[in-house]
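**Student:** pasting the sequence and the predicted coordinates here, then a few questions.
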Amino acid sequence: MFLLFEYCKLTIMDKIEKIEEFYKRKFNWVPENIQKDIGHFNVFHLDPYVGKNAKPVPYRRRDYYKIMLVKGSGSIFYADQVIEVEKQALSFSNPNIPYKWENTENIDSGEFCVFTDAFFHQFGDLSQYPVFQPEGTHIFELTDEQAGRIKNIYDRMFDEIESEYEFKYDALRNLVFELIHFAMKMQPAVKSNKSQLNANQRISAMFFELLERQFPIDENHQQVKLRSAADFADQLNIHVNHLNRAVKETTQKTTSQVIAERILRESKILLKHGSWNVSEIAFALGFTEATHFNNFFKKHVQLSPMKFRNT
């Protein structure tokens, strides 16, 4: 079991592309100013890397953020979803969710910026914005007018990064925030509830935070540890019945259903886009036996894991 754990850890780490690897893959060079402590930012034109010149982009997680304006049609594999872009779109990717673009021969042009989490250290918490959250919207189809406004923001980024202005990286952070808020304003307005959350809502929120901390499976989370309602109740120091009532009230689902759906979603990602065998996936997701994982998966998908992988 220990050897399997170490193997899983190594193969997961191989799947995470670091910012230095991005530069090597895309440009065959690495800038000298990548500093882990103060963060890194850069902005590029997409034009040389699309159409006939497009390079394959692996389906994997990255250790950096990327915001991209794409003009043209294509398919993006995002977590366990496939999203079709018809004309032009703004996309947000983050270190927690694997993705890749396909059919890039139909993409004409675009711009993108990349930055590390450290670039925003003490300047804001990116995880609070829905565009970077697991359940948020990450791809925004744009009208011509919207695409023009986004293009203007990127043009200002290019001007700023090439300038000699002493505080240009502060200005660039502001432009990144412009992109984030532009996209968020496109989403349907949600009425703000100013009233204090009741006890069940607070408990449910803490449960979901604990659940999401276990994902994605990477070098920091090699194996799911909390698998049952009782496990979560112990962590929250409440009775399991109290947790079950809270989750049921806020989601209309049982705690076990919510946990199973999240594990199932991760299993689909690992099966479709990973190289592990079924036993390794079962171990990473906290199943004691591969047969238990097989039965779990077949119950929810009506296919065995191997048949699902091969479809």
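**Tutor:** Good, I have the coordinates.

**Student:** pLDDT score assigned to the nearest residue to residue 138 once chain neighbours are set aside?
**Tutor:** Leaving aside its sequence neighbours, residue 138 sits nearest to residue 92 (C-beta to C-beta, 6 or more residues apart in numbering; 5.0 Å). The C-beta positions use only the backbone N, C-alpha and C, and glycine is treated the same way. If you check residue 92, the pLDDT there is 94.

**Student:** cool, residue 299 as well?
**Tutor:** Note on residue 299: pLDDT of 95.

**Student:** quick one: the most centrally placed residue in the chain from residue 212, how far?
**Tutor:** Residue closest to the average C-alpha location in the chain (C-alpha atoms, centre = their mean): residue 97, at 2.3 Å. Here residue 97 is placed at a distance of 12 Å from residue 212 (C-beta to C-beta, to the nearest Å).

**Student:** and for residue 21?
**Tutor:** Residue 21 is 26 Å from residue 212, by C-beta to C-beta.

**Student:** please apply the same query to residue 105.
**Tutor:** Distance from residue 105 to residue 212, by C-beta to C-beta: 36 Å.

**Student:** which of the residues in stretch 303-310 are buried?
**Tutor:** Across stretch 303-310, burial judged by 16 or more other C-beta atoms under 10 Å covers 305, 308-309.

**Student:** can I get the CA coordinates of stretch 246-253 in PDB?
**Tutor:** Taking C-alpha atoms only, stretch 246-253 is exported to PDB below (Å, rounded to 0.1, in the frame of the first residue of the first chain):
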ATOM      1  CA  ALA A 246     -28.300  21.100   8.000                       C
ATOM      2  CA  VAL A 247     -27.200  19.700   4.700                       C
ATOM      3  CA  LYS A 248     -30.700  18.400   3.800                       C
ATOM      4  CA  GLU A 249     -32.200  21.800   4.600                       C
ATOM      5  CA  THR A 250     -29.800  23.800   2.500                       C
ATOM      6  CA  THR A 251     -29.300  21.400  -0.500                       C
ATOM      7  CA  GLN A 252     -32.400  19.100  -0.500                       C
ATOM      8  CA  LYS A 253     -29.900  16.200  -0.600                       C
END
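
**Student:** ok so, going back, surely the residue nearest to the centre of the chain touches residue 138?
**Tutor:** Yes - counting by C-beta atoms under 8 Å, residue 97 touches residue 138, with 7.4 Å between them.

**Student:** any common contacting residues for these two?
**Tutor:** residue 78 (C-beta atoms under 8 Å, 6 or more residues apart in numbering).

**Student:** identify the residues contacting stretch 129-147?
**Tutor:** Contacts for stretch 129-147 (C-beta under 8 Å, 6+ apart): 65, 69, 71, 76, 78-79, 83, 85-94, 96-97, 126-127, 150, 180, 182-184, 186-187, 212, 215.

**Student:** quick check: end-to-end length of stretch 155-172?
**Tutor:** Stretch 155-172 stretches 11 Å from its first residue to its last (C-alpha to C-alpha, to the nearest Å).

**Student:** for stretch 115-125, same thing?
**Tutor:** 14 Å.

**Student:** now swap in stretch 84-97 and tell me
**Tutor:** Stretch 84-97: ends 17 Å apart by C-alpha to C-alpha.

**Student:** I'd guessed residue 281 sits against residue 267; true?
**Tutor:** Yes - if you go by C-beta under 8 Å, residue 281 and residue 267 touch, sitting 6.3 Å apart.

**Student:** between those two, which contacts overlap?
**Tutor:** 293, 305.

**Student:** what about those two, which has more around it?
**Tutor:** residue 267 (26 against 23; other C-beta atoms under 10 Å).

**Student:** the helix or strand that residue 269 is a member of packs against which elements?
**Tutor:** Taking DSSP states H and E as the definition, residue 269 sits inside helix 255-273. Counting contacts by 3 or more C-beta pairs under 8 Å, 6 or more residues apart in numbering; DSSP states H and E, helix 255-273 packs against helix 199-213, helix 229-236, helix 240-251, helix 278-284, helix 290-301, helix 305-310.
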